[in-house]
Structures are given as C-alpha cells and as structure tokens.
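**Q** Here is the input, now give the coordinates:
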Amino acid sequence: MWETKKMIMAWLGAFAAMFLLSYAWYDPLMGEYYGNIYSEINLPLEDFSMKLIIVGYLIQAYLLAYIFPIGFSGGSAVKEGLRFGVILGSLFALPGAFIFAAVYKMPLEANIIDAIYHIVEFSVGGIVIAKIYSSNPEATNSPASEE
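**A** Below is the predicted model:
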C-alpha cells in the first residue's frame, strides 16, 4: 500500500514540476523564439489544447515514476534522479530532434535547443521522483512488484 502512495506522490510531483517548468520555458522564457522559429508548423497559441498537453504530461510523469524504481541503484536522490532524467530525457528528445528536422519544417538547431531543454526537464522530474522515493528506502521496489 505504501509503495502505491509513493508512486502516486512521485507521479504527481514529477507532473507538477515538469508541467510548471515547461510553462516557464515555453511561454515567458522562450515563447517568442519558438513562435518565430516554428511559425510555419505550430498552431496559434490560442488554438493549443491545454487538455491534451496536460494528458501528455500526466502520461509522461506516470511512466517516469513507474520506471524509476526499476533502475534505482541506491545512490543519493539528486544523483540518481539526475542520472535517470538525463538518460530518459536523452532517449525521449535527442532522436526526435534529428528525425523532426529531417521530416518537418523544423530547424535542427532549434530542435537541439528543445532537446537540451527536455533533458533538463526530465532531470528535474527525475530528481523530484528520486526525492519522493528515497524518503522511504523500502519504497524503491518497482510498483509492478506489488501485484
């Protein structure tokens, strides 16, 4: 039971951290840059579906919180979360940067900047997840092992 609570806390914590970081990055910090560089392919901001963005982040954070305990090696929460975030963020973002530049009207350099942002975002999510899981060392088993 406690492991399920940790998993849910890690999921929601990662969701909140990553969603808020994403808002800060894509709106006030880099909104104008992305708006200009991707103007031919992006919908206008007012046409974005916030519901779909939230669903995407909920799924992403859930999967990260679910997967984290599988590879946890018992180091410090910051080190383990950072390692996890860099690996998963790289798997998620780097290949797409090149593929999207090859297939869509998306400049590679902008995609690389976005990939680096996602690696940072996943690292923040990984640290949040690791901090929550490490607050009770017995809760570092995979949630799948509860069944």
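**Q** If we ignore the residues flanking it in sequence, what's nearest the one residue sitting closest to the centre of the chain?
**A** Centroid-nearest residue in the chain: Phe122, 3.8 Å away (criterion: CA atoms, centre = their mean). The shortest distance from Phe122 to any non-neighbouring residue, by CB to CB, 6 or more residues apart in numbering, is to Gly89 (3.1 Å). Every residue, glycine included, has its C-beta placed from N, CA and C.
**Q** Can you report how many residues lie near the one you found?
**A** Counted by other CB atoms under 10 Å, the residues lying close to Gly89 total 23.
**Q** so it is in which element?
**A** helix 77-103 (DSSP states H and E).
**Q** again, but for Lys105
**A** Remark: Lys105 resides in no helix or strand, with elements defined by DSSP H and E.
**Q** Is the residue nearest to it when sequence neighbours are not counted in a helix, a strand, or coil?
**A** Excluding its sequence neighbours, the residue lying closest to Lys105 (CB to CB, 6+ apart) is Glu40, at 5.1 Å. For Glu40, the assignment made with DSSP: H, G, I helix; E, B strand; the rest coil gives coil.
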